[in-house]
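Asker: Have a look; sequence and predicted model below, questions after that.
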Amino acid sequence: MSSLGLYNYWVVVVLMMSGLYIVVAHGNLVKKLIGLNVFQASVFMMYISMGKVAGGTAPILDESIKVYSNPLPHVLILTGIVVGVATTAVGAALIVRIKRAYGTIEEYEIEKHEIEEEETNAAEGLTCF
Amino acid sequence: MNNQPIVRIGAKIMIPFIMLFALYVQFHGDFGPGGGFQAGVIFAASLILYAIIYDVEEARKIVHPWALNIFLGLGIILYAGTGIAGIFLGGNFLDYNVLAHDPVHGQHLGILLVELGVGITVTCAMTIIFFIFARQEH
Amino acid sequence: MLLSHLPALQVVLPLIAAPICLVLHHARLAWAWAMLISWSAFGIALSLLNRVLSEGVISYHIGKWAPPWGIEYRLDEASVFMLVLVTTIGVVVTTFAKESVEKEIVKEKIHLFYTCYLLCFAGLLGMSITGDVFNIFVFLEISSLSAYALISMSDDRRALTASFRYLVMGTVGATFYIIGVGLIYMATGSLNIADLAVKLPAVADTQTVRAALAFLIVGLSLKLALFPLHSWLPNAYAYAPSAVSAFIAATATKVAVYVMLRVIFTIFGVSYVFGTMNLGPAILSLAIMGMFAASAMAISQKNVKRLLAYSSIAQIGYIMLGISFATVTGLSGGIVHLFNHALIKCCLFMVMGCVFFRINSTDIKDMAGLGKRMPFTMAAFVIGGLSLIGVPSTVGFISKWYLMQAAFEAGSWVIAIMIPLSSLLAVVYIWRVVEVAYFSPSPDGETAIKEAPVSMQIPIWVMVAGIFYFGINAEFTLDVARRAAESLLGGIVL
């Protein structure tokens, strides 16, 4: 099979890498969460592609159908999608609370707040040592 | 969106059909593509559409958050209860064969109950998630 | 009749208990319910241990679908060992949690706390018991998602960012894991661990399987916080509510280590991972770097919980060191250290929970003179600390001794010397806390501080008793660990 014949796996790789890149490169927490979703979507794509059997139809029981695709990866990834939704919900809830606590969802600003907090703590600590 | 008659009336016509489609996906799940997850999400989508069009507070009056919480738990208990029933009827956990006198009927009944539990839980979970996030703005 | 269904009930019981806990909607009631469930789970785990040790492997088929098609719950020595560990910690921490949680979490949210706690508990038990690689992923996510929620329940706003970072890293790790699972499913068409062990050798020499191994190892390393992938751990442990720190530090990373053991030894097999792919030196060097680097970072911490978190990363290094030898001694040393470290860290984090309960802080500077005002609590800290260093007659000694022995067996005395050498770093960071607590004058005016409540003291002293008991009489743990190691190294578990 030529490499073009496996094009959905190329899509998987591209999605996976761009998702991971967004997670790493962006400081905005919402963008990070979106990157995570793109990353997970690539896995969904991979599982769905691997269930395809050449020449197979949808796996519905019927006498006229001899060859059908493997439904198991689809069922597995349905679970994967649900896990993804749950992760996104938890992540979004955390972002809402972070916004309320820090007033921002930019990572570097949050870090600035945290360093300030550490420093004020340290300044108080100097008297003890 | 109170001043948008087209959207309001359009939604009013659509919502019952979305719900009906959800029920179709739910109960036709053991013959064709479908099942509790998809049906739950579609059903929740109809509730969320209602909330978007007619305001979240209105939607909260129709489906009380406490009712959602209770049904969220009940859905899981229905699922797990079907599994436990398998144990008490002499099979393994989640063994559907023993649920009815004949294994094929048992499988039917089992998958129906389990998917119903999943459907109820997913509907409630999605709606709760939406309600919680919608409240943030106020 | 129920006896034969115990493997299913072990997981299902806490899983059903969680939504019931949500419906209970009352703080004390939720705690009592969680207590009841964790004791029952503990009882089930003990009876399963008894059965596995006397009768051998138990296999339970969910829904009577025979493996490799259906989901199988498979109990051998290694998995039952993890069940006992997780449920023991569960019982101890639930007892401890009552007062601690009432102080640290708003009353309206306490029932939600116990709901998440039970879910996390169920997830960890499920990961240990299941014999299906995809099922492991599902339970991994159940436990992780509830862990994120538990961590974010703390009052400290830094817990939110810590939890979010954990969520991002944890999800990336778990997704790597399912990519790996997907690739081995592509190559073999099976998800059952025992079946995979049979089918993989035939296709082992393909790019797909090699990529699968890489994805699985990296994903799980993220989850168990192996040295360069640990950055989510310190803040998550430091700012979580005390009971959560104690529970997660003692169980979550340990269960991930167990899954790693399964992947390396049962699914792929020793000869493939350590022979053909030669991963031994890589894991060994990361483990040793972790032991030193994390201990060194622990020394410079100002917050004791953060200090303990860094020390946890170093201890993961010890466990992975034992695994990287791939010998029975090394592996059983690693497994014993996994158990021992869980006892020690649970004890130390509970001590910090007591300290926080009284002085509202876990910074070293605030602990001045605490040795006199909270004598019992701080005594437990000293004992836990000594055990972390590896003083004879405590559990830490047993496992480090075993690891050194394994290093000698592997013919590398350099590594053998590194083990006590890195323990010296532990002496330094434990001493920093002890010095402030015992030899600094207590600040004036704060005379009202007294001992933590008895219900928080009892679990701590149970753990201390465990530290001494298993430190002096190590027969039981060593025996189980050795049998687990042998069954893992024997390839397919029969």
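Answerer: Sure, I can see it. Keep in mind that what you see is a predicted model, and the values were worked out from it rather than measured.
Asker: So for the helix ranked longest in chain A, mean pLDDT?
Answerer: Secondary structure of chain A read by DSSP state H shows that its longest helix is helix A:72-102. Summarised as a single mean, pLDDT over helix A:72-102 is 90.
Asker: do the same with stretch B:83-90
Answerer: Taken as a whole, stretch B:83-90 has an average pLDDT of 83.
Asker: thinking again about what came up before, against which helices or strands is whichever helix or strand comes after the longest helix of chain A packed?
Answerer: Downstream of helix A:72-102, the next assigned helix or strand under DSSP states H and E is helix A:107-125. In terms of contacts (3 or more Cβ pairs under 8 Å, 6 or more residues apart in numbering or on different chains; DSSP states H and E), helix A:107-125 is packed against helix A:72-102, helix C:158-188. C-beta here means a position set from N, CA and C on the backbone, and glycine is covered the same way.
Asker: Next one: residue A:14 from residue C:56, what distance?
Answerer: Remark: distance between residue A:14 and residue C:56 (Cβ to Cβ, to the nearest Å) = 49 Å.
Asker: do the same with residue C:14
Answerer: Going from residue C:14 to residue C:56 by Cβ to Cβ gives 26 Å.
Asker: Which elements pack onto the worst-scoring helix or strand of chain C on mean pLDDT?
Answerer: Across the helices and strands of chain C, mean confidence by mean pLDDT, DSSP states H and E is lowest for helix C:370-373: a mean of 83. If contacts are counted by 3+ Cβ pairs under 8 Å, 6+ apart, helix C:370-373 sits against helix C:375-389, helix C:413-439.
Asker: can you rerun that using 10 Å?
Answerer: Packed against helix C:370-373 by the contact rule (3 or more Cβ pairs under 10 Å, 6 or more residues apart in numbering or on different chains; DSSP states H and E) you find helix C:328-359, helix C:375-389, helix C:413-439.
Asker: mind putting those helices in a markdown table, mean pLDDT, distance to residue A:38 and mean neighbour count included?
Answerer: Shown next, in a markdown table, are the helices and strands packed on helix C:370-373 (pLDDT from 0 to 100; distance: least, Cβ to Cβ, whole Å; neighbours: other Cβ atoms under 10 Å in any protein chain shown):
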| stretch | mean pLDDT | distance to residue A:38 | mean neighbour count |
| --- | --- | --- | --- |
| helix C:328-359 | 91 | 35 | 27 |
| helix C:375-389 | 91 | 42 | 22 |
| helix C:413-439 | 89 | 40 | 17 |
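Asker: Centroid-nearest residue for chain A?
Answerer: Central residue check for chain A by Cα atoms, centre = their mean: the C-alpha nearest the mean position is that of residue A:36, 2.7 Å away.
Asker: Next, the buried residues of the host helix or strand of that one.
Answerer: Taking DSSP H and E as the definition, one finds residue A:36 inside helix A:29-50. By 16 or more other Cβ atoms under 10 Å in any protein chain shown, the buried positions in helix A:29-50 come out as A:29, A:31-50.
Asker: tell me which strands and helices that helix is in contact with?
Answerer: Using 3+ Cβ pairs under 10 Å, 6+ apart, helix A:29-50 is in contact with helix A:7-25, helix A:72-102, helix A:107-125, helix C:158-188.
Asker: ok so, going back, what is the orientation angle of the longest helix of chain A with helix A:29-50?
Answerer: Angle, helix A:72-102 to helix A:29-50, by axes from the mean of the first three to the mean of the last three Cα atoms, to 10 degrees: 180 degrees.
Asker: touching chain B at all, helix A:72-102?
Answerer: Yes. Using Cβ under 10 Å from any Cβ of the partner chain, helix A:72-102 reaches chain B at A:74-75, A:78-79, A:81-82, A:85-86, A:88-90, A:92-93, A:96-97, A:99-100.
Asker: Next, count neighbours for the residue in the stretch 51-200 of chain C positioned nearest to chain A.
Answerer: Here the residue of the stretch 51-200 of chain C nearest chain A is residue C:157; by Cβ to the nearest Cβ that distance is 3.8 Å. Neighbourhood size, residue C:157 [other Cβ atoms under 10 Å in any protein chain shown]: 19.
Asker: now residue A:63
Answerer: Per other Cβ under 10 Å, the neighbour tally for residue A:63 reads 5.
Asker: Am I right that it sits in a strand?
Answerer: No. Under DSSP: H, G, I helix; E, B strand; the rest coil, residue A:63 falls outside any strand and is assigned coil.
Asker: which residues touch the helix or strand bottoming out on mean pLDDT in chain A?
Answerer: Least confident helix or strand, chain A: helix A:107-125 with a mean of 77, by mean pLDDT, DSSP H and E. Contacting residues not belonging to helix A:107-125 are listed as A:26-29, A:31-32, A:98-99, A:101-104, A:106, C:156-158, C:160-162, C:164-165, C:235, C:302-303, C:361, C:363-366 [Cβ atoms under 10 Å, 6 or more residues apart in numbering or on different chains].
Asker: just the angle between that helix and helix A:29-50, please?
Answerer: Using the same axes, to 10 degrees: helix A:107-125 against helix A:29-50 is 130 degrees.
Asker: Dump helix A:107-125 to PDB, restricted to CA.
Answerer: What follows is helix A:107-125, C-alpha atoms only, in PDB (Å, rounded to 0.1, in the frame of the first residue of the first chain):
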ATOM      1  CA  GLU A 107      -0.100  31.100  32.600                       C
ATOM      2  CA  TYR A 108       2.800  33.700  33.000                       C
ATOM      3  CA  GLU A 109       0.500  36.100  34.900                       C
ATOM      4  CA  ILE A 110      -0.500  33.300  37.200                       C
ATOM      5  CA  GLU A 111       3.100  32.400  37.800                       C
ATOM      6  CA  LYS A 112       3.900  36.100  38.600                       C
ATOM      7  CA  HIS A 113       1.100  36.000  41.200                       C
ATOM      8  CA  GLU A 114       2.500  32.800  42.700                       C
ATOM      9  CA  ILE A 115       6.100  34.100  42.800                       C
ATOM     10  CA  GLU A 116       4.900  37.200  44.600                       C
ATOM     11  CA  GLU A 117       3.000  35.100  47.100                       C
ATOM     12  CA  GLU A 118       6.100  33.000  47.700                       C
ATOM     13  CA  GLU A 119       8.200  36.100  48.200                       C
ATOM     14  CA  THR A 120       5.900  37.700  50.700                       C
ATOM     15  CA  ASN A 121       5.900  34.400  52.600                       C
ATOM     16  CA  ALA A 122       9.700  34.300  52.500                       C
ATOM     17  CA  ALA A 123      10.000  37.900  53.700                       C
ATOM     18  CA  GLU A 124       7.900  37.000  56.700                       C
ATOM     19  CA  GLY A 125      10.100  34.000  57.300                       C
END
